[in-house]
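K.L.:
no FASTA, just this:
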C-alpha cells in the first residue's frame, strides 16, 4: 500500500511540474495572434486539468504558478493599464494577480470534486467554465474596488461608459475567448482524466 501511495504521489508531482511548465510556456512565450479584437489564451486549461486530475489544492498551486507569471509580465512587460495599476498600488496589483488565478484553480477543483460524484462530464464542463469566470470576476472586482478612478479615466478617454469599457476591454476580448477555449477543450480534459485514472490504477 505504501509503495502504491508513493508511486501515485510521485506521478502527481511529476504531472504537476509538467502542467506548471506548460503554463509558464503558454503565458510567457507563446503568443497567439488575436482574432479580430479577441485574444486567445490557453493558460487556464492546464489549471483545470490539474484540478480535475489531482484535486483543489493542485488546482490552486497551478493557479498560483499562472499568477506568478502574470506578476512577471505586469512588472517587466506590462500593458499601459497594468503598468499604471502597478505604479499606483504595486502590492495590491501583485496580490490581485496571485489571488485571482489561485482561487480560480481552487474553485474549479472543489466544484469538480463535488459534482463528479454524480456526473463526471457535467463536473468537467462546470469546472472548465468556472476557471475563467472566477479569474475574470475577481480581477474585475479588484480593479473596480481599488482602481475605480483609473477605470473611469480610461473609459472617459475612450469615450465610453465604465460598463462599456469593461465589456469591450475585458469581457469581449479576454473573458469570452477564454471561456470558449476552456469549454471546447473540456472533452479533451475528460479524455485525459480517464486515461490518467486508468494508468494510476495499474
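P.N.:
Structure's in. What do you need? Note that the coordinates shown come from a computational prediction; the quantities given were computed from them, not determined experimentally. Numbers count the residues shown, from 1 in each chain.
K.L.:
in the chain, which spans are helices?
P.N.:
Read by DSSP state H, the chain holds these helices, from start to end of the chain: 2-28, 44-54, 56-76, 80-88, 90-115, 120-146, 148-157, 162-166, 176-201.
K.L.:
Packed most tightly, which of those helices would that be?
P.N.:
Burial of these is given as mean neighbour count (mean count of other Cβ atoms under 10 Å); helix 44-54 ranks first at a mean of 27. The way it works is simple: take the backbone N, C-alpha and C, and place the C-beta from them, glycine included.
K.L.:
List the residues that contact residue 110.
P.N.:
With contacts defined as Cβ atoms under 8 Å, 6 or more residues apart in numbering, the neighbours of residue 110 are residue 56.
K.L.:
about what we covered before: now tabulate the helices of the chain in TSV and tack on mean pLDDT.
P.N.:
Output for those, formatted as TSV (pLDDT from 0 to 100):
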stretch	mean pLDDT
helix 2-28	86
helix 44-54	93
helix 56-76	97
helix 80-88	94
helix 90-115	97
helix 120-146	95
helix 148-157	93
helix 162-166	92
helix 176-201	78
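K.L.:
so what's the residue most central in space within the chain closest to, chain neighbours aside?
P.N.:
When the chain is reduced to its mean C-alpha position, the closest residue under Cα atoms, centre = their mean turns out to be residue 44, at 3.8 Å. Sequence neighbours aside, residue 131 is the residue nearest to residue 44 in space, at 4.9 Å (criterion: Cβ to Cβ, 6 or more residues apart in numbering).
K.L.:
what sits against that neighbour?
P.N.:
Under the criterion of Cβ under 8 Å, 6+ apart, the contact list for residue 131 reads 44, 47-48, 51, 104-105, 107-108, 182.
K.L.:
what's the answer for residue 47, then?
P.N.:
Contacts were defined as Cβ under 8 Å, 6+ apart; by that measure residue 47 touches 19, 23, 59, 62-63, 66, 101, 104-105, 108, 131.
K.L.:
Please consider this matter closed, and thank you.
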